[in-house]
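Chemist: Provide a 3D model corresponding to the input given below.
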Amino acid sequence: MKLHQYLGVPLLLLAAPTVHALSFNLTDFSSGTLTPEYLAGFNEAANLWSSKFSDPVIVNLNLDVQSLGVGILGQTTVTSQSYTYGDVKSAFINDKTSTDDNTAVNFLPTGSSVDFFLNLTADNPNGSGSSTPYLDNDNSLNNSTISMATANAKALGLSILPTIDADATLTFSSDFLWDFDTSDGIAAGYYDFVGIAAHEIGHALGFISNVDMLDFFTLFGPSPADDFPAFDFGLTPLDLFRYSEDSCNAGGYQDWSADTRDKFFSIDGCTTSEGLFSTGANFGDGSQASHWKDGLGLGLMKPIFIDGEIETLSGLDLKAFDVIGWNSADVPTPPVTWLIGSGLIGLLGRRKHKR
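Modeler: Coordinates of the predicted model:
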């Protein structure tokens, strides 16, 4: 099991190289606990992503190793920023490079807002805090606002606030046995560090669902209204491709409910289900929504990892990243740049993911 913590944090500005493909600045944030094995493992995980995408952007990651909670392999802090749906849709249109991109854009909601299924809010017409989903079509801020990882925004060519300097902080547990070399398999009792580090980088690149925010904050009572940007979150790019049988039958709407009903990934507006998502740690299936459904072999962005297992990217993983803004290409892998030092100077939001 693993806890993945998603926080928005602007950090101290760091130097960055000129780049012509996806590149990473990796900063030692550990006060000396990153051993050469960890450093090499992070390099390999970063290079895996650099080999898959051609977007000329730099992703800044702070890296740490420390003792975490029981059953927690690692946690990631991701910086997010909000944009209007209109601006995000225009960015999707301008960023089209693949057949899947064209399909996805053709099936995006028209207009300047997104109508979607929702539940657990105080203004749910089925009763305050009801788990029964309803169609949120009141054109409030959460209908017209998209929240995304800043790395994802960079891939789409959207502007980033100048105060935001680190796109994520990845922290791994020092309490587990890690296997840093997959060439001879992963030993029983050990975890694939490179694969799991690549998974965490995947969240930093934008494989996140804000259903997790709804699922988490509802533990403290129903959301006071469906105006989520007041809490600094809204639908993410990945959420634009999240559907259920009920939402499709009602007219092809996205489904942003936290409950046990199946939710699936579709780039053609309900016509084809590419694979199931997890549905929520608290009100869903027990796994956080920013993942594929567990146990189906769908890809690296699954919620549960076990020892002795090599973790690999799948075609479904790459399709999801492609349609949220990353451009697939066979490109030379740019060098990974290591930087020393950084300081936490702000906190924007929090989400947690267990695996």
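Chemist: Wait, a strand at N126?
Modeler: No: read with DSSP: H, G, I helix; E, B strand; the rest coil, N126 is coil and lies in no strand.
Chemist: Tell me if I'm right that it and L135 touch.
Modeler: No: counting by CB atoms under 8 Å, N126 stays clear of L135, with 11.3 Å between them. To be clear about C-beta, it is placed using only N, CA and C from the backbone, and glycine gets the same treatment.
Chemist: Now for the two: what residues contact both?
Modeler: Shared contacts of N126 and L135, defined by CB atoms under 8 Å, 6 or more residues apart in numbering, are absent.
Chemist: show me where pLDDT drops low in the chain?
Modeler: Scanning the chain for pLDDT under 70 picks out 1-20, 227-232, 330-355.
Chemist: pull the longest strand from it.
Modeler: strand 58-66 (DSSP state E).
Chemist: Mind listing what's buried along that one?
Modeler: I58, V59, N60, L61, N62, L63, D64, V65 (16 or more other CB atoms under 10 Å).
Chemist: just the CA coordinates of that strand, formatted as CSV?
Modeler: C-alpha atoms of strand 58-66 as CSV (Å, rounded to 0.1, in the frame of the first residue of the first chain):
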residue,chain,number,x,y,z
ILE,A,58,11.0,21.3,-18.1
VAL,A,59,9.5,19.5,-15.1
ASN,A,60,11.0,20.5,-11.7
LEU,A,61,10.8,17.7,-9.1
ASN,A,62,12.1,17.8,-5.5
LEU,A,63,13.1,14.4,-4.2
ASP,A,64,13.2,13.1,-0.6
VAL,A,65,13.6,9.9,1.4
GLN,A,66,12.4,9.6,4.9
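Chemist: List the pairing partners of the helix or strand following that strand within its sheet, with orientation.
Modeler: Counting by DSSP states H and E, the next helix or strand C-terminal to strand 58-66 is strand 74-78. Counting by DSSP bridges, the strands paired with strand 74-78 are strand 168-173 (antiparallel).
Chemist: Can you name the next helix or strand after the partner strand?
Modeler: strand 178-179.
Chemist: so what does that next one touch, helix or strand wise?
Modeler: For strand 178-179, the contact count by 3 or more CB pairs under 8 Å, 6 or more residues apart in numbering; DSSP states H and E identifies strand 191-192 as packing neighbours.
Chemist: residues in contact with the strand it packs on?
Modeler: For strand 191-192, with CB under 8 Å, 6+ apart as the criterion, the contacting residues are L73, F176, L177, W178, D179, T182, I186, F305, D307, E309, I310, E311.
Chemist: Tell me how many other residues surround P36.
Modeler: Other residues within reach of P36, judged by other CB atoms under 10 Å, total 8.
Chemist: Ramachandran angles for it?
Modeler: The phi/psi pair for P36 (degrees, to the nearest 10) reads phi -50, psi -30.
Chemist: State the number of residues packed around A187.
Modeler: A187 has 12 nearby residues by other CB under 10 Å.
Chemist: OK, contacts around it?
Modeler: The contact partners of A187, by CB under 8 Å, 6+ apart, come to L177, D179, G308.
Chemist: try S113
Modeler: Contacts of S113 by CB under 8 Å, 6+ apart are Y85, N139, N143, S144.
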